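*Asks:* Here is my input; please provide its structure:
(2 chains)
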Amino acid sequence: MRSLINFLLRIHFLLLFILIEVFSIYLLINNNNFHKARFVNLTRQVTGNFYTKTTNLKQYLSLAEENQLLAEENNRLLNIIESTYKSDEIFFRSVNDTIFNQRYMYTSARIINNSINKKHNFLTLNKGNQQGLRPEMAVVSNGSIVGIVKGVSKNYATVISLLNLDLRISSKIKKNGYFGSLNWDGKGYQTAILNEIPLHADIQVGDTIITSGFSSIFPEGILIGYISDFEEKKGSFYEIEVKLSTDFKSLGNVNVIGNLLQIEKLELENQAVKND
Amino acid sequence: MIKLFPRYLASFILLVFLQVFILNNIQFSGYINPYIYVLLILALPFETPKWLLLIIAFTLGLTIDLFSGTVGMHSSATVFMAFLRPYILKVISPRDGYESETLPQLRYYGANWFIRYAVILILVHHFFLFFIEVLRFSDFFATFARVVLSSIFTIILVLISQYFYRKDTRR
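*Replies:* Prediction:
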């Protein structure tokens, strides 16, 4: 027994190192997981306060408050448009047909932390649970894509930026509707790669890429960017380089879009899978 | 040892602020991001107990992590670097060993020694950090370029910091 303790004392440095290193890597892996970043959210409450203060300073310099007022005004108008459009179908409402209810809700938020130089970039918004944000909501800026809300705390939310190797967006070519999946290749904040477009699709440099609306997170038709280059990959698909229309370096105010029918759609789709 | 504590605590706070609020916002072309905070590990006294070294490294890395939303990334890299520090010190020790009452700084052991010491440890740290960030070896050379470019900037900053020490800590 004593010799065991002596042995442990002799190699305590190595043991402690392995212990701490394994713990660190455990934390890392746990937090890389798409939906399980609770720890980050908890600490965001604290660090978020610091970021709010420094961002307020930056906001003053760029007079972004004016922008925010405009963004809020926009949201109010967008909400009105959606609901007036749907209320044409008042007949169907009377039989309680949920299909014709309002489908998307818009709200605005301010970015208080942003990065573009890592491989897994995240943004922090100044709104959270209390302001109605939920995980899996879409984030856009001026009608072009930014990312997806990952976790929310009471007053802050973290957003997976499009500039994150983990994120895939279902997207399509506007003019002919061919769809594929878009993800970032980690090289530079201005381009991403669109895969799975078949070779017989007619594409040209400059074509517009938009979201497909298949994913229940993004509405159809949110602008992603424009084709800047493409080449044939082995197999029968194009590898298309897309120049992103969002400038991630100068983001300030964003809109968050909630899909009111998301749960219903997912439930239906899960049911279909089960019945198979 | 104890009388040095306030000074290291102050430099801990200073380095974290410098890193989080200034250097993390500087992005040269998306490739280069210097990580000056490792200076704290470089500057700890020779007699620091090894276990304390690891714990300081973990605390420092975790603090940086919490501010950059990447829990575990900086802490694992910093702990790895701290683990190697005693061995590196042994390998590059001057012929007569290290004298007591001295610190691992440029003014005690000269530019030649200090640059070797800093370059090895900073490269180790950055290499670990950037590779654990991507978690794969497919874009090896792109990641390697980031390691080298960022290390160069960190080393330059660390060397500059040595000339700041010179003035105010002469006893």
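*Asks:* Skipping its backbone neighbours, what lies nearest the residue in chain B positioned nearest to chain A in space?
*Replies:* Chain B approaches chain A most closely through B:Gly72 (3.0 Å), counting by Cβ to the nearest Cβ. C-beta: built from backbone N, CA, C; applies to glycine. In space, and not counting its chain neighbours, B:Gly72 is closest to A:Leu28: 3.0 Å by Cβ to Cβ, 6 or more residues apart in numbering or on different chains.
*Asks:* how about the one you found, what does it touch?
*Replies:* B:Thr70, B:Val71, B:Gly72, B:Met73, B:Ser76, B:Ile132 (Cβ atoms under 8 Å, 6 or more residues apart in numbering or on different chains).
*Asks:* which bits of the stretch 51-200 of chain A sit near chain B?
*Replies:* Residues of the stretch 51-200 of chain A lying close to chain B by Cβ under 8 Å from any Cβ of the partner chain are A:54, A:113, A:115-120, A:122, A:124, A:158, A:165, A:186-189.
*Asks:* change it to 10 Å
*Replies:* A:51, A:54, A:58, A:113-124, A:158, A:163, A:165, A:185-190 (Cβ under 10 Å from any Cβ of the partner chain).
*Asks:* in stretch A:257-266, what's buried?
*Replies:* For stretch A:257-266, a neighbour-count test (16 or more other Cβ atoms under 10 Å in any protein chain shown) marks A:Ile257, A:Gly258, A:Asn259, A:Gln262 as buried.
*Asks:* The second one belongs to a strand?
*Replies:* Yes. The assignment for A:Gly258 (DSSP: H, G, I helix; E, B strand; the rest coil) places it in a strand.
*Asks:* Mind telling me what element the residue in the stretch 51-200 of chain A that chain B sits nearest to is part of?
*Replies:* Using Cβ to the nearest Cβ, A:Asn117 is the residue of the stretch 51-200 of chain A that sits closest to chain B, at 4.6 Å. Following DSSP states H and E, there is no helix or strand that holds A:Asn117.
*Asks:* and the gap between it and B:Lys50?
*Replies:* For A:Asn117, the distance to B:Lys50 equals 34 Å [Cβ to Cβ, to the nearest Å].
*Asks:* Neighbour count: those two, which is higher?
*Replies:* Neighbour count, other Cβ atoms under 10 Å in any protein chain shown: between A:Asn117 and B:Lys50, A:Asn117 has more, with 19 against 16.
*Asks:* one step back: and the residue of the stretch 51-200 of chain A closest to chain B, what are its phi and psi?
*Replies:* The phi and psi values for A:Asn117, taken as degrees, to the nearest 10, are phi -100, psi 10.
*Asks:* tell me the pLDDT at it?
*Replies:* Note for A:Asn117: predicted pLDDT of 82.
*Asks:* residue contacts, the closest residue to A:Ser236 other than its chain neighbours?
*Replies:* Nearest-residue entry for A:Ser236: A:Leu199, 5.2 Å, with adjacent residues in sequence omitted and distances by Cβ to Cβ, 6+ apart. A:Leu199 makes contacts with A:Glu232, A:Lys233, A:Gly235, A:Ser236, A:Phe237, A:Tyr238, as judged by Cβ atoms under 10 Å, 6 or more residues apart in numbering or on different chains.
*Asks:* Looking at the backbone only, give me phi and psi for A:Leu199.
*Replies:* phi -70, psi -30.
*Asks:* A:Asn121 now?
*Replies:* Dihedral pair for A:Asn121: phi -90, psi 140, per degrees, to the nearest 10.
*Asks:* Which stretches in the chain count as helices?
*Replies:* Just so you know, I chose chain A. Per DSSP state H, chain A carries helices over the ranges A:2-10, A:12-32, A:38-62, A:64-87, A:90-94, A:262-275.
*Asks:* Chain B was what I was after
*Replies:* With DSSP H, the ranges of helices along chain B come out as B:5-17, B:39-43, B:50-68, B:73-91, B:106-134, B:140-168.
*Asks:* Is it possible to get JSON lines of the ones you listed that adds mean pLDDT and distance to A:Leu70?
*Replies:* Putting these into JSON lines (pLDDT from 0 to 100; distance: least, Cβ to Cβ, whole Å) gives the following:
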{"stretch": "helix B:5-17", "mean pLDDT": "89", "distance to A:Leu70": "34"}
{"stretch": "helix B:39-43", "mean pLDDT": "91", "distance to A:Leu70": "44"}
{"stretch": "helix B:50-68", "mean pLDDT": "90", "distance to A:Leu70": "31"}
{"stretch": "helix B:73-91", "mean pLDDT": "91", "distance to A:Leu70": "37"}
{"stretch": "helix B:106-134", "mean pLDDT": "88", "distance to A:Leu70": "37"}
{"stretch": "helix B:140-168", "mean pLDDT": "82", "distance to A:Leu70": "38"}
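*Asks:* of all the ones you listed, which lies closest to A:Gly128?
*Replies:* helix B:50-68 (17.5 Å; Cβ to Cβ).
*Asks:* Mind telling me which of the helices of chain A the model trusts least?
*Replies:* The lowest average pLDDT among those, as it happens, falls on helix A:90-94, at a mean of 34.
*Asks:* I'd say A:Asn49 and A:Thr124 touch.
*Replies:* No. If you go by Cβ atoms under 10 Å, A:Asn49 and A:Thr124 don't touch, sitting 11.2 Å apart.
*Asks:* closest point of chain A to chain B, which residue?
*Replies:* Chain B sits closest to A:Leu28 of chain A, with a gap of 3.0 Å, by Cβ to the nearest Cβ.
*Asks:* if I look at that residue, how far off is A:Val22?
*Replies:* Distance from A:Leu28 to A:Val22, by Cβ to Cβ: 11 Å.
*Asks:* and for these two, which residues touch both?
*Replies:* B:Ser76.
*Asks:* Now do the domain split for chain A, please.
*Replies:* Following the assignment in automatic domain parsing, chain A carries domains at A:2-31, A:39-165+A:248-259, A:168-244.
*Asks:* closest one to A:Ala272 among these?
*Replies:* Of all those, domain A:168-244 comes closest under Cβ to Cβ, at 13.7 Å.
*Asks:* quick one: terminal-to-terminal distance for that closest one?
*Replies:* 14 Å (Cα to Cα, to the nearest Å).
*Asks:* B:Phe140 against B:Phe131, yeah?
*Replies:* Yes. Using Cβ under 10 Å as the test, B:Phe140 is close enough to B:Phe131 to be in contact (8.9 Å).
*Asks:* These two - which one has more neighbours?
*Replies:* B:Phe131 (17 against 11).
*Asks:* Excluding sequence neighbours, find me the nearest residue to that one.
*Replies:* B:Phe131 sits nearest to B:Thr143 (Cβ to Cβ, 6+ apart), 6.2 Å away.
*Asks:* likewise A:Ile148?
*Replies:* Setting aside the residues directly before and after it, A:Ile148 is nearest to A:Ile160 in space (Cβ to Cβ, 6+ apart), at 5.2 Å.
*Asks:* For that neighbour, name its beta-bridge partners.
*Replies:* Here A:Ile160 sits in beta bridges with A:Phe122, A:Ile148, going by DSSP bridges.
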